[in-house]
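Q: Prediction below, plus the sequence it came from.
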Amino acid sequence: MASLITCPHCGTRPKEEFSIRGTALSRPHPTASEEDWHAYVYLRENPKGRYQEYWHHAGGCRRFLIVDRDNVTHDVFSVVDAAAIGRLSE
Amino acid sequence: MSLTLYHRHVLEDYLAGSEAKANPNHLAVIRRPAIFSVLAHRGHEASVKETLTSTDGALLRDCAPGEWLLVSTASGAAVVENLLGEIAGASLADQSDGRVLLRICGPNVRKILAKCVAVDLHPDAFSIGSSANMLCCHVTANLARSGADAFEIIVPRSFAGSVFEEVMEMGREFALTAAFAEG
Ligand SMILES: [Zn+2]
């Protein structure tokens, strides 16, 4: 069974068009402590179940997306452009 | 010292000795298209798209939000570059020598492309004029529907040989032929 991801720009595409770039974490403030930066760069929860990841649509629009999915059931809850999220918090 | 440079298409060797007569399913390799990559600056996406859409003799291909390929087989790259130079809020790069334009058409074109891309190309789902970036034979390509049973594929030059061979392989059961075309 092919895993299908619906890109907000390109439509429904097979997972082969994407490269998974890991958990979508919010970036610490530039003046945050070394511990915070260490955690941001190296530490990952690797949860079983629902979580958010960065997916790069390398074979399509080449945009970074945030995919909210369940890695047990393969249910996808939402796919949004990461820039849209970033601009909301600006 | 003066240098004489000859234009030599990257698929020249692949097409040497191919049949002279085109079958109903045919792949045309456009010899010298003008292809420009255009990126709109933030906030100028709509106005840039409007300007590009009204550029004479050029076709617009969607790549991503605020990013397009402008293709012209009528005018040379220099002419198109002059035309585009005046667009406010956009950056462009000449990709004419970096991309290869393939035009595939025929009654079985969807059956051939179904083995190359993973996107629904049914006439109702992919209307004439639609275009998008997608993987085509494992290569990131831009695919556009240019007619009822006609599609255009733009691939990076260095991958053109591989894509060409794979498309021809997929078209073999439908007697797909290939040849150069001027425009
Ligand atoms: Zn996409």
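A: Structure's in. What do you need?
Q: Could you use CA atoms for every contact and neighbour count after this?
A: OK.
Q: What residue in chain B comes nearest to the ion?
A: Here chain B gets closest to the ion at one residue, B:A64, 7.0 Å apart by Cα to the ion.
Q: who's in contact with that residue?
A: A:H9, A:C10, A:G60, A:C61, A:R62, A:R63, B:A132, B:N133 (Cα atoms under 8 Å, 6 or more residues apart in numbering or on different chains).
Q: mind checking how far it is from A:A84?
A: 14 Å (Cα to Cα, to the nearest Å).
Q: on that earlier part again, what pLDDT does the model give the residue of chain B closest to the ion?
A: The model reports B:A64 with a pLDDT of 95.
Q: same deal with the one 10 residues further on?
A: The per-residue pLDDT reported for B:A74 equals 85.
Q: ditto for A:S3
A: pLDDT at A:S3 comes out at 85.
Q: what about it, how many neighbours?
A: 12 (other Cα atoms under 10 Å in any protein chain shown).
Q: what comes up buried for the host helix or strand of B:I112?
A: Using DSSP states H and E, B:I112 maps to helix B:109-113. By neighbour count on 16 or more other Cα atoms under 10 Å in any protein chain shown, the buried set for helix B:109-113 is B:V109, B:R110, B:I112, B:L113.
Q: do the same with stretch B:159-167
A: Result for stretch B:159-167 [16+ other Cα under 10 Å]: buried residues B:F159, B:A160, B:G161, B:V163, B:F164, B:E166, B:V167.
Q: Is the fifth one within a helix or a strand, and which one?
A: So the one you mean is B:F164. Going by DSSP H and E, B:F164 is in helix B:160-170.
Q: circling back: and the furthest pair within the contacts of B:A64?
A: Using Cα to Cα, the contacts of B:A64 span at most 13.4 Å, a distance reached by A:R63 and B:A132.
Q: And those two? Which one has more around it.
A: B:A132 (23 against 20).
Q: I'd guess the more buried one is in a strand, am I close?
A: Yes. The assignment for B:A132 by DSSP: H, G, I helix; E, B strand; the rest coil puts it in a strand.
Q: Next, the contact list for it, please.
A: Per Cα under 8 Å, 6+ apart, neighbours of B:A132: A:C10, A:G60, B:R61, B:D62, B:C63, B:A64, B:N142, B:L143, B:A144.
Q: hmm, which of these are the buried ones?
A: Using 16+ other Cα under 10 Å, the buried members of the contacts of B:A132 are A:C10, A:G60, B:R61, B:D62, B:C63, B:A64, B:N142, B:L143, B:A144.
Q: Need those in JSON lines (columns: secondary structure).
A: Shown next, in JSON lines, are those (three-state DSSP):
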{"residue": "A:C10", "secondary structure": "coil"}
{"residue": "A:G60", "secondary structure": "coil"}
{"residue": "B:R61", "secondary structure": "strand"}
{"residue": "B:D62", "secondary structure": "strand"}
{"residue": "B:C63", "secondary structure": "strand"}
{"residue": "B:A64", "secondary structure": "strand"}
{"residue": "B:N142", "secondary structure": "strand"}
{"residue": "B:L143", "secondary structure": "strand"}
{"residue": "B:A144", "secondary structure": "strand"}
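Q: Closest to B:P123 out of these?
A: Nearest member of the buried ones among the contacts of B:A132 to B:P123, counting by Cα to Cα, is B:A144, at 12.2 Å.
Q: Mind listing what's buried along the lengthiest helix in chain A?
A: Counting by DSSP state H, the longest helix found in chain A is helix A:34-42. By 16+ other Cα under 10 Å, the buried positions in helix A:34-42 come out as A:W37.
Q: ok, residues contacting it?
A: Contacts of helix A:34-42 (Cα under 8 Å, 6+ apart): A:L25, A:R27, A:P28.
Q: ok, 10 Å please
A: A:L25, A:S26, A:R27, A:P28, A:H29, A:P30, A:T31, A:S33, A:L43 (Cα atoms under 10 Å, 6 or more residues apart in numbering or on different chains).
Q: Would you enumerate the residues in contact with the fourth one?
A: The reference is to A:P28. Here A:P28 is in contact with A:D36, A:W37, A:A39, A:Y40 (criterion: Cα under 10 Å, 6+ apart).
Q: Which residues are in contact with A:F18?
A: By Cα under 10 Å, 6+ apart, the neighbours of A:F18 are A:5, A:7, A:54-60, A:62-65.
Q: which among these are in contact with the ion?
A: When Cα under 5 Å from the ion is applied, the members of the contacts of A:F18 adjacent to the ion are A:C7, A:G60.
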